[in-house]
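Participant: okay, sequence plus prediction incoming.
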Amino acid sequence: MHFDLLATSGKARAGLLHTDHGDIPTPIFMPVGTVGSVKAVHQRELTDDIDAKIILGNTYHLYLRPGTPSLKAAGGLHRFMGWQRPILTDSGGFQVFSLAENRKLSEEGCTFKSHIDGSRHVFTPEKVVDLQREIGSDIMMAFDECPPGESPYDYAKKSMALTHRWMDRCMKRYHETQPLYGHQQALFPIVQGCKYADLRRQSAEHAASHNAIGYAIGGLAVGEPTEVMYQMIEVVNAILPTDKPRYLMGVGTPANILEAIERGVDMFDCVMPTRNGRNGMLFTWEGTINIKNKKWEHCFDAIDPTSHALADRCYTLAYLHHLIKSEELLGLQIASIHNLTFYLELVRTAREHIIQGDYAEWKSKVVDKLSVRR
RNA sequence: GGGGAAGUCGCAUAGCGGCAAUUGCAACAGACUGUAAAUCUGUCCUCUUCGGAGUUCGGUGGUUCGAGUCCACCCUUCCCCA
């Protein structure tokens, strides 16, 4: 697996990440499919309509259910879920954050209480690499602690140090083990350091020292102000090697993504297009729509007449309003397909402008409209 | 014609002398960033300077310091027997 940086426009980068399951043009948005399913979206829609180039899975969730023995028996997650394109798995580090009440941290690792049945499980850096080998993701993530955005300096520093020791152990295990299914797997270390520039610098340097195939920036969009997030991205990207892809974990809104691309980020994932879509929020070039609002009741325009997705062209806003209000499953599907198609179109267009060399001008023209409420 | 039951804020419900009144649904709005989320939150009689103020529980009277709650009559609906 390797990365070709093809063009830059300011700090914005257009590249190609080559994997054994296909090439990924960057910047890219990766739909989140936590348990081996992008919620409410069929695999064929992911390829034919949305044209997702890579999707996410989650080690913690897949480990609990169906469990890696099942995935091994199936021949890995790709075969299990019938997905031929690349997969990135999060390590469970985010669950250290989001399931904070159900876990206990130690030097060795993290003890979790399953949110499904309350059973106890231990994740160590080594185990998380082994699990991701068994899952067979193309890109595996290091096991990290993702501290809350407003963590005090002392805690952030201690947490970062632990993440670094875990990162070293993950990389060691990675180099000691082999892929199980015949395709290459990368392991991305994760930069932490909260909102503190000096910690972010240290963390980026520590990660860079591993000479990994790619790098992730974690611990952002977890409660800190957006401007702080942008500053931290700049600090980190000034240090991470330019010839490797940079993945900003869990981000974000369309505007967040364009701003981060401008600061040199190549890869994104976020639950926002799918979760918010299921909750009635649509993203468009002219701003966001709450499709549940009464004002869409009689709007018989296509959801997006220029979209790649069939669902966007042949169904109207009024129909989607009706479906979501009626809690029809088709509404969740159409809203999710729409949002993911938009997110992929957003990064595809960004890439075009990077290659054209006018990214900053284009971005400043479109970014303000993206967060308008329609 | 005779007997019985019941009328509460869109609908359905709670309420048994201190009540602007319970709960669910619907409606209306908001939130959601490496998914414990097809979830969660708020508003939901009227007005409000958000402190309150004013009108409410089928109708009209009455008892009481005080009535959605007790009494009388009336209206309406449902059930049973003719």
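Facilitator: Nice, I can see it. Numbering: from 1, shown residues only, chains lettered A, B, ... in the order given.
Participant: contact residues of the stretch 201-350 of chain A facing RNA strand B?
Facilitator: With Cβ under 7 Å from any atom of the strand as the criterion, the stretch 201-350 of chain A comes near RNA strand B at residues A:216, A:218-219, A:221-222, A:226, A:249-253, A:256, A:269-272, A:274-276, A:278-281, A:290, A:292-295, A:297, A:325, A:327, A:329, A:332. Quick note: C-beta positions are derived from backbone N, CA and C, even for glycine.
Participant: buried ones among those residues?
Facilitator: A:216, A:218-219, A:221-222, A:249-253, A:256, A:269-270, A:272, A:274, A:276, A:278, A:280-281, A:290, A:332 (16 or more other Cβ atoms under 10 Å).
Participant: got the contact list for the residue of the stretch 251-374 of chain A found nearest RNA strand B?
Facilitator: Residue of the stretch 251-374 of chain A nearest RNA strand B, by Cβ to the nearest atom of the strand: A:Gly252 (2.2 Å). For A:Gly252, the contacting residues are A:Ala221, A:Ala260, A:Phe268, A:Cys270, A:Met272, by Cβ atoms under 8 Å, 6 or more residues apart in numbering.
Participant: what does the model give it for pLDDT?
Facilitator: Listed pLDDT for A:Gly252 reads 93.
Participant: which parts of the stretch 201-350 of chain A are helices?
Facilitator: A:226-237, A:254-262, A:272-278, A:310-314, A:317-325, A:329-356 (DSSP state H, counting those that start in this stretch).
Participant: in a markdown table: the ones you listed, plus distance to A:Ile190.
Facilitator: Shown next, in a markdown table, are the helices of the stretch 201-350 of chain A (distance: least, Cβ to Cβ, whole Å):
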| stretch | distance to A:Ile190 |
| --- | --- |
| helix A:226-237 | 11 |
| helix A:254-262 | 16 |
| helix A:272-278 | 20 |
| helix A:310-314 | 34 |
| helix A:317-325 | 36 |
| helix A:329-356 | 21 |
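Participant: please work out which of these is packed deepest.
Facilitator: helix A:254-262 (a mean of 24; mean count of other Cβ atoms under 10 Å).
Participant: any bit of stretch A:52-70 sitting next to RNA strand B?
Facilitator: Yes - counting by Cβ under 7 Å from any atom of the strand, contacts between stretch A:52-70 and RNA strand B involve A:Leu56, A:Asn58, A:His61.
Participant: how long is that stretch end to end?
Facilitator: End-to-end distance for stretch A:52-70, by Cα to Cα, to the nearest Å: 25 Å.
Participant: how far is it from where the chain is centred?
Facilitator: Computed by Cα atoms, centre = their mean, to the nearest Å, the chain-centroid distance of stretch A:52-70 equals 14 Å.
Participant: which residue lies nearest the spatial centre of chain A?
Facilitator: In chain A, the C-alpha nearest the mean C-alpha coordinate belongs to A:Asp269, at 1.9 Å (Cα atoms, centre = their mean).
Participant: rounded mean pLDDT for stretch A:270-289, please.
Facilitator: 98.
Participant: next one: stretch A:29-47
Facilitator: 98.
Participant: what are the buried residues along that stretch?
Facilitator: Buried, per 16+ other Cβ under 10 Å, within stretch A:29-47: A:29-34, A:36, A:38-41, A:43, A:45-46.
Participant: repeat for stretch A:203-223
Facilitator: Buried-residue list, stretch A:203-223, by 16+ other Cβ under 10 Å: A:203-204, A:206-208, A:210, A:212-222.
Participant: mind listing which of those are in strands?
Facilitator: Of these, the ones assigned to strands by DSSP state E are A:Tyr215, A:Ala216, A:Ile217.
Participant: which of those sits closest to A:Lys158?
Facilitator: A:Lys158 has its nearest neighbour among those in A:Ile217, at 19.4 Å by Cβ to Cβ.
Participant: which ones are touching that closest one?
Facilitator: So A:Ile217 contacts A:Ile190, A:Val191, A:Met232, A:Ile233, A:Val236, A:Asn237, A:Arg246, A:Tyr247, A:Leu248, A:Met249, A:Val265 (Cβ under 8 Å, 6+ apart).
Participant: burial measure for the residue lying closest to A:Val366 once chain neighbours are set aside, as a count.
Facilitator: Leaving aside its sequence neighbours, A:Val366 sits nearest to A:Trp285 (Cβ to Cβ, 6 or more residues apart in numbering; 6.6 Å). Residues within reach of A:Trp285, counting by other Cβ atoms under 10 Å, total 14.
Participant: residues near A:Val366, how many?
Facilitator: 17.
Participant: what about A:Cys299, neighbour count?
Facilitator: There are 15 residues near A:Cys299, going by other Cβ under 10 Å.
Participant: wait, isn't it in contact with A:Thr316?
Facilitator: Yes - shown here, A:Cys299 and A:Thr316 form a contact pair, counting by Cβ atoms under 8 Å, at 6.9 Å.
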